[in-house]
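model the structure of this input:
(one chain, ligands or ions: 2)
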Amino acid sequence: MDAVTLKHEVTVMAKWDYTKDIDYDSIDTTKVKENRFLFYLLTIASFVEITSETYAKNLSEYYSDNLEAVSWINESWQKEELQHGKALRAYILYVWPEFLWQKTYERFLELYLPLCNTDSFQATRALEMLARMIVETGTSTMYRAFESYAKSCDEPVLAALSHYIYKDEVNHYSYFDHYFKHYNQKENLGRTVILKVIAKRLKEASSEDIEMGYQSIYELEHKGRFEFSSYELFKKELKDLAKKHYPYNMAIKMMVQPLNLNKAVEMTMIPVIRSAMKVLGI
Ligand SMILES: [Fe+2]
Ligand SMILES: [Fe+2]
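Ligands and ions are numbered 1, 2, ... in the order given. Sure thing, here's the model as predicted:
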């Protein structure tokens, strides 16, 4: 592959300081303390985010020909994801100080790390960038939903935290989009291939990281026992949250962007994809 010279401006580190811009001391814990669903949700998110070093290592290996991308991945992307994990952990430990976060995280790593390797990467560099765009679409929209949910719980600190993370995730999406376009100049992927990757990633959206995060917390609370039926109930609660708070249109717009459709076609596709997502239970 040719030496890659990209001129994308690299943003160094997050625009926000999660230790200064979030006023943890003003959290009204009575608004969220009894909310077990939220506790699980935030803890799983913190586990997945804080493991960013492993994801960055795999990506750096895969894109080792591209110094600019590798530098952005390690200097900005990884550090921001890590900040998200730490900020969520700080929130969790403020509200639920009795929770053994570190011990539970270690169990999560035991379950999840064996799956974190480049084996599951896409076959080409453009396709992998596309897959990353879908992941960032997932995180952007998820934190947008968290923000809306936190507002409905009348918890402004969590709403603010979710908002900052959401903004970072959208920024990540734009970088992966930029690198996707770069590689796709050569690979010239057709819309059918792109659609297939999008559909495949969507089907996988239920994903092992969430399940393993859930399992590690559940085990801690139930003396090492895990019941899959409880995870099914959690997923149902997640769907209920999505019904009220998930920004479906935003998700679809971000997902169809790589198809480079004109606005009219994009608008006609939105309701079609939206009903497909409902059928898939997304
Ligand atoms: Fe993140
Ligand atoms: Fe991200």
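
please, which helix or strand holds the residue lying closest to E128 once chain neighbours are set aside?
Nearest residue to E128, sequence neighbours excluded (Cβ to Cβ, 6 or more residues apart in numbering): Q122, at 4.2 Å. For glycine as for every other residue, the C-beta is placed from the backbone atoms N, C-alpha and C. Counting by DSSP states H and E, there is no helix or strand that carries Q122.

surely Q122 and R132 touch.
No: assessed by Cβ atoms under 8 Å, Q122 is found out of contact with R132, at 9.2 Å.

look at the residue in the stretch 51-200 of the chain that ligand 2 sits nearest to and report its pLDDT.
For the stretch 51-200 of the chain and ligand 2, the shortest gap (Cβ to the ion) falls at H172, measuring 3.7 Å. H172 is assigned 96 on the pLDDT scale.

how about the helix or strand where it lies: buried residues?
H172 belongs to helix 156-187 when assigned by DSSP H and E. Using 16 or more other Cβ atoms under 10 Å as the test for burial, helix 156-187 gives 157-166, 168-173, 175-180, 182-184.

which residue is the nearest non-sequential neighbour of G85?
Closest to G85 by Cβ to Cβ, 6+ apart is I50, at 2.8 Å.

neighbour count winner among Q122 and R132?
R132 (24 against 16; other Cβ atoms under 10 Å).

what strand or helix carries that one?
Secondary structure (DSSP H and E) places R132 in helix 125-152.

tell me what angle that helix forms with helix 156-187.
160 degrees (axes from the mean of the first three to the mean of the last three Cα atoms, to 10 degrees).

which secondary structure elements does helix 125-152 sit against?
Here helix 125-152 touches helix 36-50, helix 52-62, helix 156-187, helix 191-203, helix 228-245, helix 248-256, going by 3 or more Cβ pairs under 8 Å, 6 or more residues apart in numbering; DSSP states H and E.
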